[in-house]
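K.L.:
my questions are about this predicted structure, shown below with the sequence.
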Amino acid sequence: MTTKKNPRRSWLIVPADQAAVSTPVQSQGADVIVLDLEYTVPPKNKESARAGLSVQIAQLAAASAQVFVRVDCATRWADVRAAVTRGLTGIVLPSPEEPADIVEIDALITELEKARGVEVGSTEIVLMLESAKCFWNADTLGRASNRVTAMGVGRIDLSMMLGAVPQNEFRLYRFLMTRTLVAARMLGKQPLGAFWRPGSRGGLASVADTLRAAREARLLGFSGCVCAVPEQVAPVHAGFV
Amino acid sequence: MPPYIRRSLIALSIDDPKLAEKAFDSWADAIVLDIVKQAAQDWQQTLKAQMPLAIAAASRGGAEVFVRLNAQTAYAELDATVFAGLAGVVLVGVADAAELVLASAKLDALELERGILQGSLEIDLEINTAQGVWNSLEIARASSRIGTLTINEQALYQNLDIPFETTLEVEPIEFIKGQIITVATSVNGQAQGMSYPLCITQKEVDETTLKKAILRARDTGFKGALCAQPSWVKLCNEGFRPSADEVEYYKEVRQVFAEGLKRGLASVPLNGKMIDVPVDLRAEVYLEWADRVALRDQQKIQAHQQQAISLQSLN
């Protein structure tokens, strides 16, 4: 079969309070820069991170990067207000459980686009499925807004939350990935995820483990994933071919 | 217990000049007829003329006969293809329950119009898209005519953009297969399928490899398979059923357990294993399954003998 070339293979998470690392050169050529307002930013830095977002987005956009902002579910309204600006490609929304969660954010984005001279409807939303409810509602979540362009499998912690004891062959995670894949392909969205193994994920995953996780995800039908550190970008590109 | 003894299915084109011989010689439990719609022709009239003969030809060896139709154009295709002698239709690419409701209603009307027993025509599903997988339960519940569910794996791999890799330790659509088997069983139907990687390579393989693949498919929950190669039919007929060893073992289970019950015991040992009610029930199911397979084989043998007699009388 033919493999579709997808330009958004690597989604590099960059803490939004660390502006120094958020340049395309330092990102190792990641396809997407995700300025993070979620758990990589300490609570005491969140306000300053929000305040600095528009400058970072403008700099990255000027360098032709695709820029997303990952918002914190608990503070998503303030985070979205800080993020929507010219140059922003989209919002990464973690753990929406009901379509109403997305409809609400969609409306807020529309209001901000109008107020800030951004083309209405141009800001994308990427959904990260991170709870049991998310996975069962994946189809209605994906349909909740035309802005949704990708759907990702959330952190591996999710599987532990579901009660599975992670072993090397992490079958529950495969199930969650399959369900996400089916929902995403059904709705014409990009499926995001990698088959990370317990003990070798996030910033801890080595180049070899990242390549393996990306390759296995590709073989499951996925076309991109989140990278926790710039060193993971190259193996992710090598895996998603 | 599988609701249907349909271990082997083969697909044949109604335009195949050797349709009758191929169907007869195959010993398949079921023949799936593929229609050919000639462009720029009144294909409905052409099919109406072809189908009764094709159904009769395909069923000469005692096989059940189905016709495979595109779910999106099924309404028109049903009218042109459904005639007496058909066991049912295979709808390819059903995406939602509404399509099935429509097809089912059309079958109601055609059964009445063409003197076919009301409600007798089965609808089988060939799933080939993410939408079909996601909506499978809703689709399967949409009509009481549902018989079997099959995944067209090559098409589904393409739809999900899964590369064709045939040497993986874990099958990429393992969970989708589990879903389809569960859905089919939940509506009193059954799922048909082959195990990985034969399900996507569909190659001719040696007998040992094929036997193992069929056993894996059976033990996954599939009750038969669409045979990509004519050589698969014989081994599918032999493999999608309780083996001779299993029959022997379960006969002993039933006997030992019945004797235990007479002695007032709820569980008894047999060759180091504990035999209790669930094991006895499993034994009952397996033995009944084996009996039904034997009956089905006998029907096919009779059909072949009858055909031979007919040919002799013609000569």
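P.N.:
All right, it came through fine.
K.L.:
near chain B, which residues of chain A show up?
P.N.:
Chain A has residues A:1, A:3-4, A:139, A:169, A:174-175, A:178-179, A:181-186, A:218-221, A:223 near chain B, with proximity defined as CB under 8 Å from any CB of the partner chain. Glycine gets a C-beta too; all of them are placed from N, C-alpha and C.
K.L.:
give me the buried entries from those residues.
P.N.:
A:139, A:174-175, A:178-179, A:181-186, A:218-221, A:223 (16 or more other CB atoms under 10 Å in any protein chain shown).
K.L.:
out of those, which sit inside helices?
P.N.:
Judged by DSSP state H, those include A:139, A:174-175, A:178-179, A:181-186, A:218-220 as members of helices.
K.L.:
quick one, helices of the stretch 51-200 of chain B?
P.N.:
For the stretch 51-200 of chain B, the helices defined by DSSP state H, counting those that start in this stretch occupy B:74-81, B:97-113, B:130-134, B:136-140, B:153-160, B:174-186, B:198-201.
K.L.:
dump those into TSV; add distance to chain A as well.
P.N.:
Below are those laid out as TSV (distance: least, CB to the nearest CB, whole Å):
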stretch	distance to chain A
helix B:74-81	21
helix B:97-113	14
helix B:130-134	4
helix B:136-140	10
helix B:153-160	4
helix B:174-186	4
helix B:198-201	10
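K.L.:
among these, which is nearest residue A:154?
P.N.:
Among the helices of the stretch 51-200 of chain B, helix B:174-186 comes nearest to residue A:154, with 17.4 Å by CB to CB.
K.L.:
so which residue is smack in the middle of chain A?
P.N.:
residue A:92 (5.1 Å; CA atoms, centre = their mean).
K.L.:
name the helix or strand for that residue, please.
P.N.:
Element membership for residue A:92, per DSSP states H and E: strand A:88-94.
K.L.:
to the chain's geometric centre, what's the distance from that strand?
P.N.:
Distance, stretch centre to chain centre, for strand A:88-94: 7 Å (CA atoms, centre = their mean, to the nearest Å).
K.L.:
next helix or strand past it?
P.N.:
Counting by DSSP H and E, what follows strand A:88-94 is helix A:99-116.
K.L.:
re earlier: redo the ones in helices among the buried ones among the residues of chain A next to chain B as TSV? Include pLDDT.
P.N.:
What follows is those, written out as TSV (pLDDT from 0 to 100):
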residue	pLDDT
A:139	96
A:174	87
A:175	90
A:178	95
A:179	94
A:181	97
A:182	97
A:183	97
A:184	98
A:185	97
A:186	97
A:218	95
A:219	94
A:220	93
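K.L.:
before we move on, back to that, and the average pLDDT for the strand holding residue A:92 is what?
P.N.:
Averaging the model's pLDDT scores along strand A:88-94 yields 97.
K.L.:
who does that strand pair up with?
P.N.:
When pairing is defined by DSSP bridges, strand A:88-94 lines up against strand A:66-70 (parallel), strand A:124-129 (parallel).
K.L.:
the inter-axis angle of that strand versus helix A:99-116?
P.N.:
Strand A:88-94 and helix A:99-116 are oriented at 160 degrees to each other (axes from the mean of the first three to the mean of the last three CA atoms, to 10 degrees).
K.L.:
who's in contact with strand A:88-94?
P.N.:
A:11, A:32, A:34, A:38, A:57, A:61, A:66-73, A:76, A:80, A:83-84, A:101-102, A:105, A:109, A:118, A:123-128, A:130, A:147, A:149, A:154 (CB atoms under 8 Å, 6 or more residues apart in numbering or on different chains).
K.L.:
just the CA trace of it, in PDB.
P.N.:
What follows is strand A:88-94, C-alpha atoms only, in PDB (Å, rounded to 0.1, in the frame of the first residue of the first chain):
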ATOM      1  CA  LEU A  88      -1.000  30.500  16.000                       C
ATOM      2  CA  THR A  89      -1.800  27.300  14.100                       C
ATOM      3  CA  GLY A  90      -3.900  25.700  16.800                       C
ATOM      4  CA  ILE A  91      -4.700  24.700  20.400                       C
ATOM      5  CA  VAL A  92      -3.900  21.300  21.900                       C
ATOM      6  CA  LEU A  93      -6.700  20.500  24.200                       C
ATOM      7  CA  PRO A  94      -6.100  17.700  26.800                       C
END
